[in-house]
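Enquirer: Structure for this input, please:
(one chain, ligands or ions: 1)
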Amino acid sequence: MTRGITSLVTTSDGETFANPKNLNKLHKKLRLAQKSLKRKTKGSNNYQKARLKVARIHAKIKDSRLDYTHKLTTQLIRENQTIVVEDLAVKNMVKNHKLARAISDANWGELVRQLEYKAEWYGRQLIKIDRYFPSSKRCSNCGHVVEKLPLNIREWKCPECGTHHDRDINAAINILAAGLAVSVCGATVRPERSKSRKAGAKKQKAPNSDARESRAVS
Ligand SMILES: [Zn+2]
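Expert: As a prediction, the model looks like this:
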């Protein structure tokens, strides 16, 4: 699975899970409450009231996010024997301000943590892929790696084989293939992988029918 910007999670068979809708509403409320707090005189009663209001909305956002993450991870673990996830450095990504909210909404670190212990509960396999693995820039059809793929590009066409890709689904397919290669031959997934291993990984791609043996979530 891949972590998306537009959706919280995209799987290798193209299923997407959006961020919970009430979060947008709460973020709007939060902005308003923060603005109102700024206008108050520090130390005044109204300032204290406004500060509490901001804190309460923050807590609500946190609860709602966590609640949704639990629903999502339980569903993913129940439905799949093997799950492959990208181990992302969320902190590094949050430095880019435009993406900061989208990514922290996605709550990736918490999502991976929950998948880890739920996989244990349910006897599932969770495989984590090196975060430097070029999952997005690699064409899942022919293996060609494009030089650049800015985060705002959500769809692209492979210059080598002409396949049209949805950014997140393509990445999820790559992550799944890489993860299964790891589980099969104990390989370490690194940016530079040999051609033969790539081919091996492809063959291991999970069938989309067959009750979803394994799925990458990214
Ligand atoms: Zn291609």
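
Enquirer: So which residues on the chain come close to the ion?
Expert: C139, N141, C142, H144, C158, E160, C161, T163 (Cβ under 5 Å from the ion). C-beta coordinates here come from the backbone N, C-alpha and C atoms, glycine included.

Enquirer: Now the last one: closest residue in space, sequence neighbours ignored.
Expert: In space, and not counting its chain neighbours, T163 is closest to N141: 4.2 Å by Cβ to Cβ, 6 or more residues apart in numbering.

Enquirer: I'd say the one you found and C161 touch.
Expert: Yes - taking contacts as Cβ atoms under 8 Å, N141 lies within contact range of C161: 5.4 Å.

Enquirer: These two: who's more crowded?
Expert: More neighbours surround N141 than the other of N141 and C161, with 16 against 11 (other Cβ atoms under 10 Å).

Enquirer: Per-residue pLDDT of that one, please?
Expert: For N141, the pLDDT comes out at 95.

Enquirer: Wait, a helix at it?
Expert: No - N141 sits outside any helix when classified using DSSP: H, G, I helix; E, B strand; the rest coil, being coil.

Enquirer: How about the contacts made by it?
Expert: C158, C161, T163 (Cβ atoms under 8 Å, 6 or more residues apart in numbering).

Enquirer: which residue packs closest to the second one, ignoring adjacent ones?
Expert: If I follow you right, that is C161. Spatial nearest neighbour of C161, chain neighbours left out: C142 (4.0 Å); criterion: Cβ to Cβ, 6+ apart.
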